[in-house]
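> coords please:
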Amino acid sequence: MTPRPHGNPWLRRFHDVATSRLTLVCFPHAGGSAGFFHPMSAAAKHALQIVALQYPGRQDRSGEPFLTTLSELADQAYDALRPLMGRPLAFFGHSMGATLAFEVAVRMRQRLENSPVALFASGSRAPCLPRLTEAMHLRDDNGLVAELAALDGTDPRLLREPDLLRIILPVLRADYMAVETYRYEVSLKLDCPIIALVGDADSKVEVADARAWREHSTGPFELRTFPGGHFYLTDHRTQITDLVINQLL
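As a prediction, this is how the structure comes out:
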């Protein structure tokens, strides 16, 4: 069990970095969990405090109901992060997590007149772009397993374990429902830097889709591409961690 800052079930802190002047909050992808960011936290543990979000309905929160809209996720994630907002925060979100991080940042801007010091949007189409119409959440279990296999972010051996799939697939279906029913509403732009990161062979996100993130802030924008597909970051964790640390510190 990883420590829960402020006893909050949403937050996981894998390493305590008392000297860090700011906190990087990490938002997992659809079907993902806080543990996805443990390697990044380990790589940055001497320089940067990292906290990852644990969404309801998975792992140690498996007894809680899923949240099936990004609006609900953003509202509750914002409330969970309020105790941390007395110090500088940066956000890093991958895939669904990037859109969720953006929505939480918008809430900060609207309610506190404040923004994260930076938003790292990884493997994600910009919120202002039309949503893809794949309706993955309506597919049967075989369709979801095929999607997981195509994204190459899950060990293929795990996809042949029926007991494990009975745990994974409801989580994935709920998250896909949140992503696929999301509708961007024109709102205040952020004023922080946005750094968009994308794999050059991502079948879900083209480089132009990632570049459109520049429309969501009046601050600086940067686009970084990496070799790989939708889960390019699993092969480039050290490089990405260094990029984040250099950007923030």
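
> Quick one: neighbours of L197, just the number.
L197: 26 surrounding residues under other CB atoms under 10 Å. All C-beta spots, glycine's among them, are computed from the backbone N, C-alpha and C.

> residues contacting the residue nearest to it when sequence neighbours are not counted?
Nearest non-adjacent residue to L197, counting by CB to CB, 6 or more residues apart in numbering: S122, 4.4 Å away. S122 sits next to 92-95, 97-98, 196-198, 233, 240 when contact means CB atoms under 8 Å, 6 or more residues apart in numbering.

> give me phi/psi at S122?
Dihedral angles of S122 (phi, psi; degrees, to the nearest 10) stand at phi -110, psi 130.

> next one: T238
Dihedral pair for T238: phi -60, psi -50, per degrees, to the nearest 10.

> Settle this for me: it is touching M40, isn't it.
No - look at T238 against M40 with CB atoms under 8 Å: they stay out of range, at 9.2 Å.

> quick one: R107 and L100, what's the gap?
Distance of R107 to L100, computed by CB to CB, to the nearest Å: 11 Å.

> hey, what's in contact with both of these two?
Between them, R107 and L100 share these contacting residues under CB under 8 Å, 6+ apart: A74.

> higher neighbour count, these two?
Between R107 and L100, counting by other CB under 10 Å, L100 is the more crowded of the two (27 against 17).

> Could I get the average pLDDT for the helix or strand hosting that one?
Assigned by DSSP states H and E, L100 belongs to helix 96-112. The average pLDDT within helix 96-112 is 96.

> residues of it that come out buried?
Applying a neighbour-count criterion of 16 or more other CB atoms under 10 Å, the buried positions in helix 96-112 are 96-109.

> ok, of the residues you listed, which one's closest to M177?
M177 has its nearest neighbour among the buried residues of helix 96-112 in M96, at 10.8 Å by CB to CB.

> distance of that closest one from G31?
Taking CB to CB, one finds M96 at 9 Å from G31.

> who touches both of those two?
Applying CB under 8 Å, 6+ apart, one finds that M96 and G31 are jointly contacted by D175.

> how about the strands of this structure, start to end?
Counting by DSSP state E, residue ranges of the strands within the chain are 11-13, 23-27, 49-53, 89-94, 119-122, 194-199, 221-226.

> roughly how far is the top helix by length along the chain from the heart of the chain?
Ranked by number of residues, the top helix in the chain under DSSP state H is helix 162-180. Relative to its chain's centre, helix 162-180 lies at 16 Å (CA atoms, centre = their mean, to the nearest Å).

> Repeat that for stretch 48-59.
Centroid separation for stretch 48-59 versus its chain: 10 Å, with CA atoms, centre = their mean.

> So for this protein, the centremost residue is which one?
Central residue of the chain (CA atoms, centre = their mean): G97, 2.3 Å from the mean position.

> Apart from its chain neighbours, what residue comes closest to that one?
Leaving aside its sequence neighbours, G97 sits nearest to F27 (CB to CB, 6+ apart; 3.2 Å).

> Also L172?
Counting by CB to CB, 6+ apart, L172 lies nearest to G31, which is 3.8 Å off, once chain neighbours are set aside.

> shouldn't that neighbour be in contact with V179?
No - in this structure, G31 is not within contact of V179 by CB under 8 Å, at 10.3 Å.

> Among those two, which residue is more densely surrounded?
The neighbour comparison of G31 against V179 (other CB under 10 Å) goes to G31, with 25 against 21.

> which residues touch the more buried one?
Per CB under 8 Å, 6+ apart, neighbours of G31: 148, 168, 171-172, 175.

> wait, which of the residues you listed is closest to V186?
D175 (24.6 Å).

> Leaving out the residues flanking it, which one is nearest to the closest one?
Nearest non-adjacent residue to D175, counting by CB to CB, 6+ apart: A30, 3.6 Å away.

> Could you verify my assumption that that neighbour touches L169?
No - with contact defined as CB under 8 Å, A30 does not count as touching L169 (11.8 Å).
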